[in-house]
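J.: Build me a model from this:
(2 chains)
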Protein chains: 2
Amino acid sequence: MGTQVEIICVGNELLIGKTLNTNAHWLAKRITSLGLSVRRITVVGDDVNEIASATREALERKPRFIITTGGLGPTFDDKTLEGIAKALNRNLELNDKALQMVKEKYEAYAKAGRLDSAELTPHRIKMAKLPKGADPLPNPVGTAPGVRLSIEGTDIIALPGVPAEMEAIFEESIAALLKKEAGDSMFFEASVYAENIMESTLAPLIDLTMHDNPYVYIKSHPKGEEKKPYIEIHFSTTAKDSKIAKDRLGKAIIQLSELIKEKGGKVKTFKAP
Amino acid sequence: MGTQVEIICVGNELLIGKTLNTNAHWLAKRITSLGLSVRRITVVGDDVNEIASATREALERKPRFIITTGGLGPTFDDKTLEGIAKALNRNLELNDKALQMVKEKYEAYAKAGRLDSAELTPHRIKMAKLPKGADPLPNPVGTAPGVRLSIEGTDIIALPGVPAEMEAIFEESIAALLKKEAGDSMFFEASVYAENIMESTLAPLIDLTMHDNPYVYIKSHPKGEEKKPYIEIHFSTTAKDSKIAKDRLGKAIIQLSELIKEKGGKVKTFKAP
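T.: Residues are numbered from 1 along each chain as shown, chains lettered A, B, ... in the order given. Model (predicted):
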């Protein structure tokens, strides 16, 4: 399974269907490309108890990392750190390094004329109150620092919900850490597109190809319109060496393509326009 | 909190970041618009144990509905019904009504020339094996029936992962059922867009407005580019009457807009282009 990661996304906007969860998609893709394995994604609302229980449940599954998004800002409903603190039975306390980060941001904004006053109001100080034992991660784009906290073999990493801030902190402070834990295993994937065959006819051909290619995972995704359906067939493998990976995927693609043609199907390397 | 719903999405493609989870977004929006409340969204891979544990954990929270998407098709990795059966300690068994639905679909496909043979192969029969006690839901678009199963006050509803099939079964067999359970409460929302104010300055104004408008939930969403930031402010309320809801939202919007202007901010009703 590789090094495991869980993602917890916090925000009522995700539960009411106002916002499409592009953060989970971005993180899942990026974490997979670094060679780690996302085991579960959980979405909860802006509620301390829900955040705490999702965090506790994830910790029980002992992933190497739990990455949260959302709920780090200055408003009353930014409750992620309170939820994590509750899950760990720790208090929130003012973190000097985090306060310095927040202070410098507002001073810079005031200097740039974007702000009347750089005063550290209670809502601004809130962003520097971290669970005891946590460290802040610099936010190169916005004001709320990210947060990192290690507990019994799991690193909890809290990132903001604004995509540009989430991505910037991930790339600056998290990507290298994850890559190191992944070791040298990498994820490889390729797709082909089949027409003129139904998924239920394809299914036993996939079984046979996977049996003969035990390191390759094959999944079919029916696509297209009802009148002109096609099936994307996605091949993936994890390997330490790109030549080995490409050989494996190539062998499986050739075998399955032959089997599909025998059943009267067509296989394309690129998606039909 | 209203009538609670949990969503469980099944599919490795979601965990590797290959596919954006538009199904969860569509369901969350639709369920909210029907007057129910989505409490949690969980995404797991094509793994019987993961599906079973996510189902068991959701059942423990006693939502009125658990809606799953994905994993109902004919391939080896379509494991949702096996996972649900495992969570409930029930067996999968061939369901006559479901088998009839599957059979009619393949006969129609063969008649239309889309298929050599309507033979009920093991992979096709698989789609008619439901957890004991479950009922199939007709799939007007594809072959795999949806599934409904009631257990101790919770209805588990399993829908396919192909969006067009998921949406069609939801509209045909589920929407009216959910609406009935929601009673006459409805969800109302509106947004305004603030410029020239930072979120940390806005935060205490939101606190005050929510204090004075206890039935309105207000959430700020920083948007735009760093050079030209704006904040979407989202107002929502649940009510039985659209006039009451609109009055509530209008009153809160007016109060908060005045407070923002006092701080030198601008408020627009429509998003800046």
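J.: Could you tell me which residues of the stretch 101-250 of chain A lie near chain B?
T.: A:106, A:109, A:114-116, A:121-124, A:127, A:141-143, A:162, A:164, A:187, A:189, A:198-204, A:206-207, A:210, A:217, A:219-222, A:226, A:234, A:236 (CB under 8 Å from any CB of the partner chain). C-beta here means a position set from N, CA and C on the backbone, and glycine is covered the same way.
J.: from those residues, which ones fall inside strands?
T.: The strands, defined by DSSP state E, take in A:187, A:189, A:217, A:219-222, A:234, A:236 from those.
J.: I'd like those residues as CSV, with pLDDT and neighbour count appended.
T.: Shown next, in CSV, are those (pLDDT from 0 to 100; neighbours: other CB atoms under 10 Å in any protein chain shown):
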residue, pLDDT, neighbour count
A:187, 94, 20
A:189, 96, 16
A:217, 97, 18
A:219, 97, 22
A:220, 97, 22
A:221, 96, 19
A:222, 93, 20
A:234, 97, 19
A:236, 97, 23
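J.: Widest-spaced pair of those?
T.: Spatially, the most separated pair among those is A:187 and A:222, at 23.4 Å (CB to CB).
J.: where do the helices sit along the stretch 1-150 of chain A?
T.: For the stretch 1-150 of chain A, the helices defined by DSSP state H, counting those that start in this stretch cover A:12-15, A:22-33, A:48-60, A:80-87, A:96-111, A:122-125.
J.: got the domain boundaries for chain A?
T.: A:4-182, A:186-268 (automatic domain parsing).
J.: and the residue lying closest to residue A:8 once chain neighbours are set aside, how many residues sit next to it?
T.: Spatial nearest neighbour of residue A:8, excluding adjacent residues (CB to CB, 6 or more residues apart in numbering or on different chains): residue A:68 at 4.5 Å. Residue A:68: 30 surrounding residues under other CB atoms under 10 Å in any protein chain shown.
J.: just for chain A, where's the confidence low?
T.: A:1, A:226-227, A:271-273 (pLDDT under 70).
J.: related to what we said a few turns ago, Throw the domains of chain A into CSV and include distance to residue B:91, thanks.
T.: Compiled in CSV, the domains of chain A are given as follows (distance: least, CB to CB, whole Å):
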stretch, distance to residue B:91
domain A:4-182, 26
domain A:186-268, 22
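J.: looking at those, which is buried most?
T.: Highest mean neighbour count among the domains of chain A (mean count of other CB atoms under 10 Å in any protein chain shown): domain A:4-182, with a mean of 20.
J.: Compute the first-to-last residue distance for that one.
T.: Using CA to CA, to the nearest Å, one end of domain A:4-182 lies 9 Å from the other.
J.: try stretch A:157-174
T.: Span of stretch A:157-174 from end to end, CA to CA: 8 Å.
J.: Next up, the contacts around residue A:239.
T.: A:185-186, A:188, A:215, A:245, A:248 (CB atoms under 8 Å, 6 or more residues apart in numbering or on different chains).
J.: Name the member of those residues with the shortest distance to residue B:26.
T.: residue A:188 (30.8 Å).
J.: Who does that closest one form a beta bridge with?
T.: Note on residue A:188: beta-bridge partners by DSSP bridges are residue A:237.
J.: my guess is it contacts residue A:242, does it?
T.: Yes - counting by CB atoms under 8 Å, residue A:188 touches residue A:242, with 6.9 Å between them.
J.: re the thing from before, for residue B:137, state which of the ones in strands among the residues of the stretch 101-250 of chain A next to chain B is nearest.
T.: Out of these, the member with the shortest distance to residue B:137 (by CB to CB) is residue A:222, at 18.3 Å.
J.: Next one: residue A:32 relative to residue A:189, how far apart?
T.: Distance of residue A:32 to residue A:189, given as CB to CB, to the nearest Å: 9 Å.
J.: Touching both of the two, which residues are there?
T.: Common neighbours of residue A:32 and residue A:189 (CB under 8 Å, 6+ apart) are residue B:16.
J.: my read: residue A:268 touches residue A:196, true?
T.: No - Residue A:268 is not in contact with residue A:196 according to CB under 8 Å; the separation is 10.9 Å.
J.: so what sits against both of these two?
T.: Common neighbours of residue A:268 and residue A:196 (CB under 8 Å, 6+ apart) do not exist.
J.: State the distance from residue A:150 to residue A:253.
T.: 42 Å.
J.: hmm, who's touching the lengthiest helix in chain A?
T.: The longest helix of chain A (DSSP state H) is helix A:242-262. By CB under 8 Å, 6+ apart, the residues outside helix A:242-262 that reach it are A:186, A:188-190, A:192, A:194, A:197, A:202, A:205-206, A:208-210, A:212-213, A:215-216, A:218, A:233, A:235-239, A:266-267.
J.: Mind doing that once more with 10 Å?
T.: For helix A:242-262, contacts defined as CB atoms under 10 Å, 6 or more residues apart in numbering or on different chains pick out A:186-192, A:194-197, A:201-202, A:204-206, A:208-210, A:212-218, A:220, A:231, A:233, A:235-239, A:241, A:265-269.
J.: Grab the CA positions of that helix and hand them over as PDB.
T.: Extracted as PDB, the C-alpha positions of helix A:242-262 are listed here (Å, rounded to 0.1, in the frame of the first residue of the first chain):
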ATOM      1  CA  SER A 242      10.300   4.200 -14.800                       C
ATOM      2  CA  LYS A 243      11.600   1.600 -17.300                       C
ATOM      3  CA  ILE A 244      10.100  -1.200 -15.300                       C
ATOM      4  CA  ALA A 245       6.800   0.700 -14.900                       C
ATOM      5  CA  LYS A 246       6.600   1.400 -18.600                       C
ATOM      6  CA  ASP A 247       7.300  -2.200 -19.600                       C
ATOM      7  CA  ARG A 248       4.600  -3.400 -17.200                       C
ATOM      8  CA  LEU A 249       2.000  -1.000 -18.400                       C
ATOM      9  CA  GLY A 250       2.900  -1.600 -22.100                       C
ATOM     10  CA  LYS A 251       2.600  -5.300 -21.700                       C
ATOM     11  CA  ALA A 252      -0.800  -5.100 -20.100                       C
ATOM     12  CA  ILE A 253      -2.100  -2.500 -22.600                       C
ATOM     13  CA  ILE A 254      -1.000  -4.700 -25.600                       C
ATOM     14  CA  GLN A 255      -2.600  -7.900 -24.100                       C
ATOM     15  CA  LEU A 256      -5.900  -6.200 -23.200                       C
ATOM     16  CA  SER A 257      -6.100  -4.400 -26.600                       C
ATOM     17  CA  GLU A 258      -5.700  -7.700 -28.400                       C
ATOM     18  CA  LEU A 259      -8.500  -9.300 -26.300                       C
ATOM     19  CA  ILE A 260     -10.800  -6.300 -27.000                       C
ATOM     20  CA  LYS A 261     -10.100  -6.500 -30.800                       C
ATOM     21  CA  GLU A 262     -11.000 -10.300 -30.700                       C
END
